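J.: Requesting a structural model of the entry that follows:
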Amino acid sequence: MKKTAAILFVAVFALVTAGTTWAQTSSEDQEKARQAYAEAMAVTDNHKLLEFFVGKWDVSISMWEFPGNPPQTSKGTAEAATILGGRFIMTKFKGTMMGVPFDAVQIDGHDNIQNKFRTLWLDSTSTAFFLLEGTYDPASKSWTHTGRWTDPMGTVSPVRMVNRIVGPDEYISEMYMGLPDGKEFKSMENRYVRKK
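T.: Model prediction:
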């Protein structure tokens with residue numbers, strides 16, 4: 001009962017603040033709007049899927065600066081928790097990149113309105129916001145996200161990220177960068193193993 005009341009309160013508050021248009025809509029339209037707001041804020045099975053990532057992880061990092069180069073390897077750690085009532089997973093990452101200490105925050109969620117998984121990445125190497133969106137494939141237990149990355153020189157490249165569960169306590173995150181000729185190369189692979 002309390003949960004239903006909270007949902008209705010938030011929906012009504014959001015609609016009332018929308019302005020005078022609200023007062024001019026029919027009661028049927030108002031009910032549709034309430035329902036849409038309730039669905040937008042719901043924690044669904046898609047959000048529950050992301051709970052796999054909650055916990056503490058040891059991370060093995062392989063990074064390729066250019067196609068054909070040998071990878072640079074390093075170690076890191078990550079800790080993920082649910083936030084905002086289970087609607088998002090926030091992961092805090094610590095490691096090194098090219099010998100320099102490196103911190104990052106990743107926020108994952110499922111956007112009920114757009115029906116897409118979304119990932120936001122922020123790190124200590126830049127002030128940029130890196131946003132990706134994608135889908136989940138239950139057969140391969142993997143999420144595939146796509147987006148665009150702008151490097152410090154202003155070059156914009158398409159990117160593809162694949163997060164694949166390989167066991168109950170392990171997953172792999174791969175990043176692929178688009179090249180000017182339309183091909184792509186793997187620029188990073190992170191292997192996460194859950195801490196016991």
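
J.: Which residue ranges of this protein form helices?
T.: Under the criterion DSSP state H, the chain contains helices at 2-16, 20-23, 27-41, 45-50.

J.: shaky segments in the protein?
T.: By pLDDT under 70, the weakly predicted segments of the chain are 1-25.

J.: Where do the strands of it begin and end?
T.: Per DSSP state E, the chain carries strands over the ranges 55-63, 72-83, 88-97, 100-111, 116-123, 130-137, 142-150, 156-167, 170-178, 184-194.

J.: Give the burial count for residue 149, as a bare number.
T.: Neighbourhood size, residue 149 [other Cβ atoms under 10 Å]: 19. No exception for glycine: its C-beta is placed from N, CA and C like everyone else's.

J.: so it makes contact with residue 161?
T.: No. Using Cβ atoms under 8 Å as the test, residue 149 is too far from residue 161 to be in contact (10.1 Å).

J.: How many residues are close by residue 164?
T.: Residues near residue 164, counting by other Cβ under 10 Å: 15.

J.: Now do the contacts for it.
T.: Neighbouring residues of residue 164 by Cβ atoms under 8 Å, 6 or more residues apart in numbering: 140-143, 171-174.

J.: 10 Å - rerun?
T.: The contact partners of residue 164, by Cβ atoms under 10 Å, 6 or more residues apart in numbering, come to 137, 140-144, 170-174.

J.: Tell me the one of the residues you listed nearest residue 184?
T.: residue 174 (10.8 Å; Cβ to Cβ).

J.: so can I have TSV of the strands of the chain showing distance to residue 36?
T.: Putting these into TSV (distance: least, Cβ to Cβ, whole Å) gives the following:
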stretch	distance to residue 36
strand 55-63	34
strand 72-83	23
strand 88-97	20
strand 100-111	14
strand 116-123	17
strand 130-137	20
strand 142-150	26
strand 156-167	29
strand 170-178	33
strand 184-194	36
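
J.: Please tell me how far residue 88 sits from residue 133.
T.: Going from residue 88 to residue 133 by Cβ to Cβ, to the nearest Å gives 14 Å.

J.: Which one's more surrounded, these two?
T.: Neighbour comparison, residue 88 and residue 133: the larger count goes to residue 88, with 17 against 13 (by other Cβ under 10 Å).
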